[in-house]
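Visitor: Here is my input, please return the structure:
(one chain, ligands or ions: 1)
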Amino acid sequence: MSKFWSAIVHELTPYVPGEQPKLTNLVKLNTNENPYGPSPKVLAALEAEVADSLRLYPDPTSAKLVQAVAKFYNVPATHVFVGNGSDEVLAHTFQALLKHDQPILFPDITYSFYPVYCGLYGIEYQTIALNDEFQIDVSDYKRPNGGIIFPNPNAPTGCGLPLAEIERLLEVNTESVVVVDEAYVDFGAESVVGLVARYPNLLVTHTMSKARSLAGLRVGYAIGQPPLIEALTRVKDSFNSYPLDRFAISGATAAIEDKAYFEETCRKVVATRQALVRELQALGFFVLPSVANFIFARHGKRSGDELAASLRARNIIVRHFSKPARISDFLRITIGTDVQSQALVEALKDILIH
Ligand SMILES: *Cc1c(COP(=O)(O)O)cnc(C)c1O
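Guide: Predicted coordinates for the structure are as follows:
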C-alpha cells in the first residue's frame with residue numbers, strides 16, 4: 001500500500017498465473033502450454049525478422065496477420081481483431097463491449113481472469129453455477145444481462161458445449177454481446193466462428209498460446225462483425241498503437257499458415273489425452289469429459305491438495321485450485337507428450353500405493 005496509489009489500485013485483485021519455475025527436469029503440466037514446439041516455419045519467419053529492420057515500428061494494424069487469420073477461417077478481414085495475447089483481446093472486450101448498466105454473466109467455475117477484468121474496469125457481474133455435471137446449461141443464462149462470456153471448452157473443467165446449445169442462447173439473447181472464448185476449441189470442441197455472419201452480437205476469441213504452441217509470443221485474436229471489431233480497435237488505439245511487435249506479427253502469421261503442422265500437433269495432443277484418461281480411470285480417478293488440452297480429475301480417496309503436493313515432490317507440477325470447495329479435490333492436468341504422461345501415471349501409481 002502506498003499513498004501514491006490511485007483509488008482503483010487499492011481495489012484490484014490481480015490474476016495469479018500458474019507458476020513458471022526455473023527448475024529444469026520438471027514435468028510441467030500446470031499452464032496448458034503445448035508440449036510440442038511451434039511450426040518450424042515460425043522459427044524461419046522470426047529469423048527473417050531479425051535480418052529485417054527492428055529499427056522501425058511494426059505495422060500498427062498487423063495487416064499481414066489479420067489477412068492470414070481471415071483466410072484461415074474464411075471470414076472477411078474486417079471481422080478480425082488481433083492483440084497481444086488473447087488476454088489483451090479479452091481485456092479490451094470487457095472495456096469496449098461488456099461494460100453496461102446491467103451485470104454481465106459468466107460461470108461460477110471458469111477462467112479466473114474474467115472477474116479480474118471486471119474489477120479493473122468496474123463492471124458488475126453475476127456468476128451462474130455449473131450444473132451437477134459441471135456443465136454450462138445455457139438456459140440459466142436466459143435473463144437480463146449486460147453481456148455473457150464463457151470459454152468453450154470451459155476452463156478448468158475441459159467440458160465442451162455443442163454448437164447448437166450456443167446458438168440456442170444466441171437466438172434469445174439478442175440485446176447484449178455474447179463472447180465465446182475458444183482458447184482450447186481446436187482440441188475437439190465445435191467452433192462458433194461460422195455463426196458470426198448471422199449474429200451481430202457474437203464475438204469469438206482465440207489464442208495462439210495453446211493449439212499453436214506460441215505462449216511465449218503473446219498473440220490472440222477475436223472474430224466478430226465490424227461494429228464489434230471497431231469497438232475493440234477504438235480501445236486498442238487509445239491504449240497502445242503497437243501491441244504486436246514485428247516478431248509476433250511474422251511468427252503468428254507463419255503459424256496460422258502452417259495448417260498441416262497445427263492439425264498434426266492437435267491430433268497428437270488429443271491421442272495422448274484419450275490414453276491418459278483411460279489410465280487415470282483405471283487408477284480410480286473420476287475424469288470430467290474433456291475436449292481441451294488438459295483434463296480435470298479427482299481421486300475418490302485422496303484430496304487434491306495432497307495429490308498436487310505429492311506430485312510436486314516428484315518434480316511433476318499440475319494445477320490445483322483450493323477454491324471453490326466444489327473443485328478443491330480436482331487437479332487440472334495439462335496434456336504433455338506421451339513420455340510426460342507416462343511419468344505422471346507412474347508417479348500417481350507410486351503415490352496411491354502408499
Ligand atoms: C490461456 C487462456 C487465455 C489466454 O491466452 P493468451 O493468449 O495466452 O493470453 C484466454 N482464455 C482462456 C480460457 C485461457 O485458458
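Visitor: and this structure, what are its domains?
Guide: Using automatic domain parsing, the domain ranges for the chain come out as 19-37+260-352, 40-257.
Visitor: Figure out which of the ones you listed is closest to residue 9.
Guide: For the domains of the chain, the distance to residue 9 is smallest for domain 40-257, at 10.1 Å, taking Cβ to Cβ. No exception for glycine: its C-beta is placed from N, CA and C like everyone else's.
Visitor: Is that closest one in proximity to the ligand?
Guide: Yes - against the ligand, domain 40-257 shows contacts by Cβ under 6 Å from any ligand atom at 85, 86, 87, 111, 151, 155, 181, 183, 207, 209, 215, 220.
Visitor: Over to stretch 303-323?
Guide: No - using Cβ under 6 Å from any ligand atom, stretch 303-323 stays clear of the ligand, with a minimum separation of 10.9 Å.
Visitor: distance between that stretch and the chain's centre?
Guide: 22 Å (Cα atoms, centre = their mean, to the nearest Å).
Visitor: which of the domains of the chain sits most buried?
Guide: Ranked by mean neighbour count, those are led by domain 40-257 with a mean of 19 (mean count of other Cβ atoms under 10 Å).
Visitor: Would you mind checking the average pLDDT for that one?
Guide: Averaged over domain 40-257, pLDDT sits at 97.
Visitor: Need the distance between the two termini of it.
Guide: Taking Cα to Cα, to the nearest Å, domain 40-257 runs 12 Å from one end to the other.
Visitor: Look up how far residue 334 lies from the spatially closest residue to residue 290 that is not a sequence neighbour.
Guide: Leaving aside its sequence neighbours, residue 290 sits nearest to residue 158 (Cβ to Cβ, 6 or more residues apart in numbering; 3.2 Å). Residue 158 sits 10 Å away from residue 334 when distances are taken as Cβ to Cβ, to the nearest Å.
Visitor: Give me the common contacts of the two.
Guide: Shared contacts of residue 158 and residue 334 (Cβ atoms under 8 Å, 6 or more residues apart in numbering): residue 294.
Visitor: re earlier: can you say which of the domains of the chain is nearest to residue 3?
Guide: domain 40-257 (21.1 Å).
Visitor: Give the phi and psi angles for the residue nearest to residue 83 when sequence neighbours are not counted, as a check.
Guide: Distance criterion Cβ to Cβ, 6+ apart; nearest residue to residue 83, sequence neighbours excluded, is residue 89 at 4.0 Å. Dihedral angles of residue 89 (phi, psi; degrees, to the nearest 10) stand at phi -60, psi -40.
Visitor: send the alpha carbons of the longest helix along the chain over as CSV?
Guide: Secondary structure of the chain per DSSP state H: the longest helix is helix 259-282. What follows is helix 259-282, C-alpha atoms only, in CSV (Å, rounded to 0.1, in the frame of the first residue of the first chain):
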residue,chain,number,x,y,z
LYS,A,259,-2.3,-25.7,-41.2
ALA,A,260,-0.8,-29.2,-41.6
TYR,A,261,1.6,-28.8,-38.6
PHE,A,262,-1.2,-27.4,-36.5
GLU,A,263,-3.6,-30.2,-37.3
GLU,A,264,-0.9,-32.8,-36.6
THR,A,265,0.0,-31.3,-33.2
CYS,A,266,-3.6,-31.1,-32.1
ARG,A,267,-4.1,-34.7,-33.2
LYS,A,268,-1.2,-35.9,-31.1
VAL,A,269,-2.4,-34.0,-28.0
VAL,A,270,-5.9,-35.5,-28.4
ALA,A,271,-4.5,-39.0,-28.7
THR,A,272,-2.3,-38.6,-25.6
ARG,A,273,-5.4,-37.2,-23.7
GLN,A,274,-7.5,-40.2,-24.6
ALA,A,275,-4.9,-42.6,-23.4
LEU,A,276,-4.2,-40.7,-20.2
VAL,A,277,-8.0,-40.5,-19.4
ARG,A,278,-8.1,-44.3,-19.6
GLU,A,279,-5.1,-44.8,-17.4
LEU,A,280,-6.3,-42.4,-14.8
GLN,A,281,-9.7,-44.0,-14.7
ALA,A,282,-8.0,-47.4,-14.1
